[in-house]
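Visitor: Sequence plus the predicted model coming up.
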Amino acid sequence: MASNRAILDCYTDEPAGLGVPPFVGVWPRYVAGLYPQEPGYLTIDDLRLIRYVEHVREVVIDPVVGRTHIEVLNHTRSPDEIRHLLGSIDELIIVAGVQTPGKYLSARPGTLREVHKLLAPFRVRRILTGPVLVGGTQFRGGSAPQVPQASEFDELHPFVFESYDDLQPLALKGATLIQQMPHLENRIVEIETGRGCPREKGCSFCTEPLKHVVQWRAPEQVVEEVRTLMTLGAKAFRLGKQSCIFSYRGGDPHEIETMLSGLAALRPAVLHLDNANPAMIDERRTELFVRYLTPGSTAAMGVESFDPEVTEANNLNCTTEMAFEAIRTVNRIGGYRGENGCHALLPGINILLGLAGETPDTLEKNFAALKHIVDEGLLVRRINIRQVVPFPGTPLHEQVGRKVLRQNRRHYSAWTEKVRREIDMPMLERLFPLGTALRDLCSEVHNGHMTFLRQIGSYPIVVAVHERLPLNERFDVRVTGYMRRSLSAECIT
Ligand code: SF4
């Protein structure tokens, strides 16, 4: 018997957890596990596609001139099949919530306004769930969040569970949903190892402490889910759904090794991590991650600011000294090149603009620290600069809202450009010297005659090749030059 419901994936991006293609988030899988019969799987791209088809006779998703239309690229079915599915269900469970907005190469998350508009012609019961229910959603940094209106949905339904023992059967059952996702061979599946923030009091801007109390998932549960997903066709995984992977089960090296060795024994093509609190990074734990992960992984550190006054005013997780120690440790242990052409494990740095206590001087301090990293000869895989979104319920929202953003915004773009020019460029040259061979990149999008590719993994570098390659295939390349936050290269296969 066919299911009378479907899941609409509008994609999610949270402080702990990513579900924007090519990442497969946990939310649609867990939600699917709630029902005896597997729901249909639709994406926001599907809704956009049928709307386009109504307005334009022929929709060319990947035109020869101009850019690939990433807003419909991740559609799951033909327009007729999408309409048929929407016409045959009673209930649509909408998964949404972008709370750490980034730049996405090959997908565009759906907004609440968009969902509301695109679903208007369909008579179907609408249930909203996902991170959006705690604080709202916003995929433009520095903007006010969109908060869901109960009147626009039939139900706002938080997906909650008491313990990981309760979640496990749902996670295993819902895993089959990935078989409805297009190009599964090129997707990377987000895996949850814990939830909540282990710090007594969280950072001012973060929604994670609002959502969950701290819980860690047992190593055997993590391994069991990955094994199940692999039998269904998944090959690449990221341990990204937790606030800090180095804090796993109190940071106990034995627990970390039990989980990692169990996962590595399954021999996934990619096993990466995300989210690391610099205060928890030490030699022993770093050695374990480097030993068991596949190369090219990034430990993204939420430093957020190198200005001590901002660190204190927002209760950020580490001092500048701690951040530097962590960066040095990861470099010492993970800074060698692996067989795919990338370093084994490198730090990533997150900088957040618009926090309480920020002044123009904060930008100078941030720049000086980044310059110090370059001058010391350290490697950093990427520097992520975002403008904060003050979500309701967070201390930042109550204390300053968007006041600091409004005061300092005029300085941001010149400062960011300076970082991209004076920090990123020398760092890219150091990370990927001319002639470096990078293996197994997936061709994701076109822009005219150019193809943009990435390895499958945590924060892979974007590589542009000056020829039009078929999409969703794998290529090896050799680095020929540098662009803004990306490389140019030529194919070697
Ligand atoms: S350390 Fe800060 S950013 Fe990380 S989960 Fe806790 S509150 Fe959020």
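Guide: Perfect, thanks for sending it.

Visitor: CA only for contacts and neighbour counts going forward, please
Guide: OK.

Visitor: Check the stretch 351-493 of the chain for the residue nearest the ligand and tell me.
Guide: For the stretch 351-493 of the chain, the residue closest to the ligand is T394, as judged by C-alpha to the nearest ligand atom, at 9.8 Å.

Visitor: Pick out the residue of the protein closest to the ligand.
Guide: Across the chain, the shortest distance to the ligand (C-alpha to the nearest ligand atom) belongs to G202, at 3.5 Å.

Visitor: Just give me the neighbour total for that residue.
Guide: Counted by other C-alpha atoms under 10 Å, the residues lying close to G202 total 20.

Visitor: and what of F324?
Guide: 16.

Visitor: That one - that's part of a strand, no?
Guide: No: according to DSSP: H, G, I helix; E, B strand; the rest coil, F324 belongs to no strand; its state is helix.

Visitor: circling back to that earlier point, residues touching the residue of the chain closest to the ligand, list them.
Guide: 209, 315-316 (C-alpha atoms under 8 Å, 6 or more residues apart in numbering).

Visitor: ok, back up a step: skipping adjacent residues, who's closest to the residue of the stretch 351-493 of the chain closest to the ligand in space?
Guide: F205 (5.7 Å; C-alpha to C-alpha, 6 or more residues apart in numbering).

Visitor: Can you tell me which residues in the stretch 151-300 of the chain are near the ligand?
Guide: 197, 199, 202-203, 206, 208-209, 243 (C-alpha under 6 Å from any ligand atom).

Visitor: Could you look up the SS state of the residue of the chain closest to the ligand?
Guide: Put simply, G202 is coil when judged by three-state DSSP.

Visitor: sorry, back to before: tell me the spacing between the residue of the stretch 351-493 of the chain closest to the ligand and C203.
Guide: According to C-alpha to C-alpha, to the nearest Å, T394 and C203 sit 9 Å apart.

Visitor: Compare neighbour counts for those two and give me the winner.
Guide: C203 (23 against 20).

Visitor: these two touch, right, the more buried one and A313?
Guide: No: counting by C-alpha atoms under 8 Å, C203 does not reach A313; the two are 9.4 Å apart.

Visitor: packing partners for the helix or strand hosting H411?
Guide: Using DSSP states H and E, H411 sits within helix 403-419. Contact partners of helix 403-419 among helices and strands, from 3 or more C-alpha pairs under 8 Å, 6 or more residues apart in numbering; DSSP states H and E: helix 360-375.

Visitor: Mean confidence (pLDDT) on the helix it packs on, please.
Guide: Mean per-residue pLDDT for helix 360-375: 98.

Visitor: Need the contact partners of it.
Guide: With C-alpha under 8 Å, 6+ apart as the test, helix 360-375 has contacts from 305-307, 310, 379, 408, 411, 415, 419, 423, 426-427.

Visitor: now that helix against helix 403-419, angle please.
Guide: Taking axes from the mean of the first three to the mean of the last three C-alpha atoms, to 10 degrees, one finds that helix 360-375 is oriented at 30 degrees with respect to helix 403-419.

Visitor: Any idea how far helix 360-375 is from the middle of the chain?
Guide: Offset of helix 360-375 from its chain centre (C-alpha atoms, centre = their mean, to the nearest Å): 26 Å.

Visitor: Buried residues of it, list them for me.
Guide: 362-363, 366-367, 369-370, 373-374 (16 or more other C-alpha atoms under 10 Å).

Visitor: which among those gets closest to G251?
Guide: Of all those, G251 sits closest to I373, with 26.3 Å by C-alpha to C-alpha.

Visitor: Need the residues of the stretch 151-300 of the chain next to the ligand in CSV (columns: secondary structure).
Guide: Below are these laid out as CSV (three-state DSSP):
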residue, secondary structure
C197, coil
R199, coil
G202, coil
C203, coil
C206, coil
E208, helix
P209, helix
S243, coil
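
Visitor: can you pick the most crowded of the residues you listed?
Guide: Highest neighbour count within these, by other C-alpha under 10 Å: S243, with 27 neighbours.

Visitor: wouldn't that residue be in contact with T193 here?
Guide: No: using C-alpha under 8 Å, S243 is not in contact with T193; the gap is 9.3 Å.

Visitor: what touches both of those two?
Guide: In contact with both S243 and T193: no residue, using C-alpha under 8 Å, 6+ apart.

Visitor: quick one, phi/psi of A218?
Guide: Torsion angles at A218 (phi, psi; degrees, to the nearest 10) stand at phi -70, psi 150.

Visitor: Tell me who's in contact with it.
Guide: Here A218 is in contact with 164, 193 (C-alpha under 8 Å, 6+ apart).

Visitor: how much space between it and H272?
Guide: From A218 to H272 the distance is 18 Å (C-alpha to C-alpha).

Visitor: What of R126?
Guide: According to C-alpha to C-alpha, R126 stands 35 Å off from H272.

Visitor: what's the answer for N74, then?
Guide: Distance, N74 to H272, by C-alpha to C-alpha: 23 Å.

Visitor: Next: G341.
Guide: 15 Å.
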